[in-house]
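Trainee: Got a sequence here, can you model it:
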Amino acid sequence: MAGKADVGDHVVDRGPLGFGPDAAPQAEFTEDLEFHGYTLQVRAGARVSVECTQRGSQRSVDPTLFVYGPRQAEGGFGTTALAFDDDSGWGRLPRLRDLTLSAAGAYLVVVGTHDARGRGRYRLEARCESGECGPTAPPPPSAACHPAIAGAISACIADWLADADWLESGMSRRDLVHQCADAEPVAPAFDELCASDHAPADLCAMSLEELTLGYLLVCRREQWHAMLDGSCVFGQIYRDLFRPGAIVTIARRPLDPASALNATQAAQIVATMRAAGFDTVTSAGAAFAAADGNTINQTELWDASNRRAYTAYELGAGDTSIGTIFVHGTVTPAARINDGDLVDCTATWGEEMRECESDADCRGDIRCRGVGAEISLGRCIEPRNDGHPSEGADCVLESGCPPGSGLICGGAPTSGAGICVPAWMKGRFESRAEMPIPDGSAAGLDASLAVYGLATVDMDVVIDLYITHPRVADLTISLVNPATADVLVFDGSVSGETAAGELSLREHVVRGFSGDEQVNGIWHLVVVDRRSGSAGTLHRFGLQISSRWD
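Mentor: I've put the predicted structure just below:
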């Protein structure tokens, strides 16, 4: 990066950089002296933060971050960096906070490695800290994405999904849509279209900036909605029911031959076994006799995207997971569980619970709600669809709210009693990144988790985490909410499920938050190893939060 030549001559141009998590590119260093450049368009006086994020960046990579510009009249970005950072972010990752860019125009964000010989994957994110940062996006030439461009985006997504290792990239399906609906993947199709005899004049007259900031936003929304329109709302495997998404778990219980069942439940259990090939099962008793351990797991579910209730039954049969998801109160199947996979699914995503950055990302009159502090992400929710007669009624943990109502008993996990609130106000969020716990460090490990799409303040906070450490008693663990309230979760004593070298907290209720502070935003888990000599790892960190309007 030294010398008199313009800095742009030394970097690989990787295209534009937008604001927010949906505009965060991922790339990888594979050779020495490799520098990646991204163009960030801003208005005058924009205040921005740029960082290589923990999510999507490999632990082994040690990136550096430079900002140059604005772009000069002759086209270059100059030779002197406006800002530089190496390790101000998480671990060895760089972060530039509250950088004011006084002049309007394009700036060059350059990512390198500490010694210019590093290897590994990183994810780069820019955030606007001053309300509005980007130039006004030009209107798209039409209300729909051209079929040639849409086809290129779909092909890119299909290529990623066909790669068995795509999940290791840390990208969600929404990340894939964003990455594929960008200038570089669509460039060949765009060039071919505009060279044809039927080139659309308005589209082909657009600059690369106009294409990226305006037109491709329309394509991205179309692709994301199309993906959900055809996706099973329950997921692809049985465990997906209990992961972040549109499905809210209302209640779970293991059933055995002594469990009280009504006529519909008994019929559902029999239908579950017969659909799995147990043709001789004609009674609930026979169904339990055929199940491993004489146990069948029942889960009451609420699809918050369609506002529909379902009941799932899952069991082991010869160590194979089988079952059925029924429309609540009926023997109509909505999906089957076959060896842990979800098959024959007839329930696709509805218009609500879709991730969004603004109201424009939602269909119809639905608005983007629950956008958290420090993150530009929420969910499409229509509170006017709330209004069950039992909403606001008192409830207790044991019985909950009326079956099939789409209400949860908010506050009950914490105190045993609460009030019935709409199920969409309960969310599950998780991170499965492997994160080392610094040995003997007072600062400890700061693991962040984005919470979004809820109401305004918390009612219950339930944590799931799994840590390995040779001396669990050396650890203290705290949870910090977006309002910076800090609550102790673990003080080194033997609480929760502990074993030699392990700490596992499952559905552990965290008590101590006021219940009157912002719930949407970045939550932090701080793990401190108070003694030197042994190191540990955080393997899993999840939160289940119920909320209410303040």
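Trainee: Just say helix, strand or coil for His178.
Mentor: helix (DSSP: H, G, I helix; E, B strand; the rest coil).
Trainee: looking at it, it is touching Leu217, isn't it?
Mentor: No: when contacts are counted by Cβ atoms under 8 Å, His178 is not listed as touching Leu217 (10.2 Å). No exception for glycine: its C-beta is placed from N, CA and C like everyone else's.
Trainee: which residues touch Ala27?
Mentor: Counting by Cβ atoms under 8 Å, 6 or more residues apart in numbering, Ala27 touches Arg14, His36, Val111, Arg121, Tyr122, Leu124.
Trainee: for the one helix or strand the fifth one maps to, which positions count as buried?
Mentor: Put plainly, it is Tyr122. Using DSSP states H and E, Tyr122 maps to strand 120-128. Using 16 or more other Cβ atoms under 10 Å as the test for burial, strand 120-128 gives Arg121, Tyr122, Arg123, Leu124, Glu125, Ala126, Arg127, Cys128.
Trainee: One more: stretch 56-76?
Mentor: 56-57, 61-71, 76.
Trainee: Any chance of JSON lines for these, columns pLDDT and secondary structure?
Mentor: JSON lines is the format used below for the buried residues of stretch 56-76 (pLDDT from 0 to 100; DSSP: H, G, I helix; E, B strand; the rest coil):
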{"residue": "Gly56", "pLDDT": "83", "secondary structure": "coil"}
{"residue": "Ser57", "pLDDT": "88", "secondary structure": "coil"}
{"residue": "Val61", "pLDDT": "90", "secondary structure": "coil"}
{"residue": "Asp62", "pLDDT": "92", "secondary structure": "coil"}
{"residue": "Pro63", "pLDDT": "94", "secondary structure": "strand"}
{"residue": "Thr64", "pLDDT": "94", "secondary structure": "strand"}
{"residue": "Leu65", "pLDDT": "95", "secondary structure": "strand"}
{"residue": "Phe66", "pLDDT": "94", "secondary structure": "strand"}
{"residue": "Val67", "pLDDT": "95", "secondary structure": "strand"}
{"residue": "Tyr68", "pLDDT": "93", "secondary structure": "strand"}
{"residue": "Gly69", "pLDDT": "88", "secondary structure": "coil"}
{"residue": "Pro70", "pLDDT": "87", "secondary structure": "coil"}
{"residue": "Arg71", "pLDDT": "80", "secondary structure": "coil"}
{"residue": "Gly76", "pLDDT": "77", "secondary structure": "coil"}
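Trainee: Let me have the residues you listed in TSV, extended by distance to Asp87.
Mentor: Output for those, formatted as TSV (distance: Cβ to Cβ, whole Å):
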residue	distance to Asp87
Gly56	18
Ser57	13
Val61	12
Asp62	8
Pro63	10
Thr64	9
Leu65	10
Phe66	14
Val67	16
Tyr68	20
Gly69	23
Pro70	27
Arg71	28
Gly76	29
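Trainee: what about stretch 439-456, start to end distance?
Mentor: 37 Å (Cα to Cα, to the nearest Å).
Trainee: again with stretch 230-244
Mentor: End-to-end distance (Cα to Cα), stretch 230-244: 18 Å.
Trainee: pLDDT (mean, whole number) over it?
Mentor: Across stretch 230-244, the average pLDDT comes to 93.
Trainee: contacts for that stretch?
Mentor: Here stretch 230-244 has contacts from 245-247, 249, 299, 301, 303, 305-306, 312, 314, 321, 323, 325, 334-335, 337, 340-342, 345, 347-350, 427-430, using Cβ under 8 Å, 6+ apart.
Trainee: that older thread, which pair in the contacts of Ala27 spans the largest distance?
Mentor: Arg14 and Arg121 (13.5 Å; Cβ to Cβ).
Trainee: still on that earlier bit, kindly supply the ChimeraX command isolating those of the contacts of stretch 230-244 that are buried.
Mentor: Buried subset of the contacts of stretch 230-244, written as a ChimeraX selection, criterion 16+ other Cβ under 10 Å:
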select :245,246,247,249,299,301,303,305,306,312,314,321,323,325,334,335,337,342,345,347,349,350,427,428,429,430
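Trainee: Mind putting the contacts of Ala27 into CSV with pLDDT?
Mentor: Converted to CSV, the contacts of Ala27 look like this (pLDDT from 0 to 100):
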residue, pLDDT
Arg14, 83
His36, 92
Val111, 95
Arg121, 89
Tyr122, 92
Leu124, 94
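Trainee: Can you tell me which of these is nearest Glu502?
Mentor: Arg121 (28.6 Å).
Trainee: could you measure the closest one against Asp279, distance?
Mentor: 51 Å (Cβ to Cβ, to the nearest Å).
Trainee: Could you do Leu124 as well?
Mentor: Taken as Cβ to Cβ, the span from Leu124 to Asp279 is 57 Å.
Trainee: Other residues contacting the helix or strand hosting Arg47?
Mentor: According to DSSP H and E, Arg47 maps onto strand 46-52. By Cβ under 8 Å, 6+ apart, the surrounding residues in contact with strand 46-52 are 19, 40, 42, 61, 63, 65, 67, 89, 93-101, 109, 111, 122-130, 132-134.
Trainee: quick one, domains of the protein?
Mentor: 7-128, 147-229, 238-343, 370-425, 427-548 (automatic domain parsing).
Trainee: Please, where are all the helices along the protein?
Mentor: 147-162, 173-180, 183-194, 201-204, 208-210, 216-229, 263-275, 284-290, 412-415 (DSSP state H).
Trainee: okay, the ones you listed in JSON lines with mean neighbour count and distance to Gly378 next?
Mentor: As requested, the helices of the chain are exported to JSON lines (neighbours: other Cβ atoms under 10 Å; distance: least, Cβ to Cβ, whole Å):
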{"stretch": "helix 147-162", "mean neighbour count": "17", "distance to Gly378": "23"}
{"stretch": "helix 173-180", "mean neighbour count": "21", "distance to Gly378": "13"}
{"stretch": "helix 183-194", "mean neighbour count": "17", "distance to Gly378": "26"}
{"stretch": "helix 201-204", "mean neighbour count": "13", "distance to Gly378": "30"}
{"stretch": "helix 208-210", "mean neighbour count": "15", "distance to Gly378": "27"}
{"stretch": "helix 216-229", "mean neighbour count": "20", "distance to Gly378": "14"}
{"stretch": "helix 263-275", "mean neighbour count": "19", "distance to Gly378": "35"}
{"stretch": "helix 284-290", "mean neighbour count": "18", "distance to Gly378": "42"}
{"stretch": "helix 412-415", "mean neighbour count": "19", "distance to Gly378": "24"}
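Trainee: Nearest approach to Cys356 belongs to which of those?
Mentor: Nearest of those (Cβ to Cβ): helix 216-229, 9.2 Å.
Trainee: gap between the closest one and the chain center?
Mentor: Relative to its chain's centre, helix 216-229 lies at 17 Å (Cα atoms, centre = their mean, to the nearest Å).
Trainee: so what secondary structure elements neighbour it?
Mentor: helix 147-162, helix 173-180, helix 183-194 (3 or more Cβ pairs under 8 Å, 6 or more residues apart in numbering; DSSP states H and E).
Trainee: what sits up against it?
Mentor: 22, 137, 140, 143-145, 149-150, 153-154, 157, 173-174, 177-178, 180-183, 186, 348-349, 354, 360-361, 363.
Trainee: let's go with 6 Å and repeat that
Mentor: With contacts defined as Cβ atoms under 6 Å, 6 or more residues apart in numbering, helix 216-229 is touched by Pro140, Cys145, Ile149, Ile153, Val177, Ala181, Trp349, Arg354, Asp361.
Trainee: In JSON lines, list the residues you listed along with distance to Gln268 and pLDDT.
Mentor: Converted to JSON lines, the contacts of helix 216-229 look like this (distance: Cβ to Cβ, whole Å; pLDDT from 0 to 100):
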{"residue": "Pro140", "distance to Gln268": "48", "pLDDT": "47"}
{"residue": "Cys145", "distance to Gln268": "43", "pLDDT": "89"}
{"residue": "Ile149", "distance to Gln268": "46", "pLDDT": "92"}
{"residue": "Ile153", "distance to Gln268": "41", "pLDDT": "93"}
{"residue": "Val177", "distance to Gln268": "36", "pLDDT": "89"}
{"residue": "Ala181", "distance to Gln268": "42", "pLDDT": "89"}
{"residue": "Trp349", "distance to Gln268": "24", "pLDDT": "96"}
{"residue": "Arg354", "distance to Gln268": "30", "pLDDT": "95"}
{"residue": "Asp361", "distance to Gln268": "37", "pLDDT": "89"}
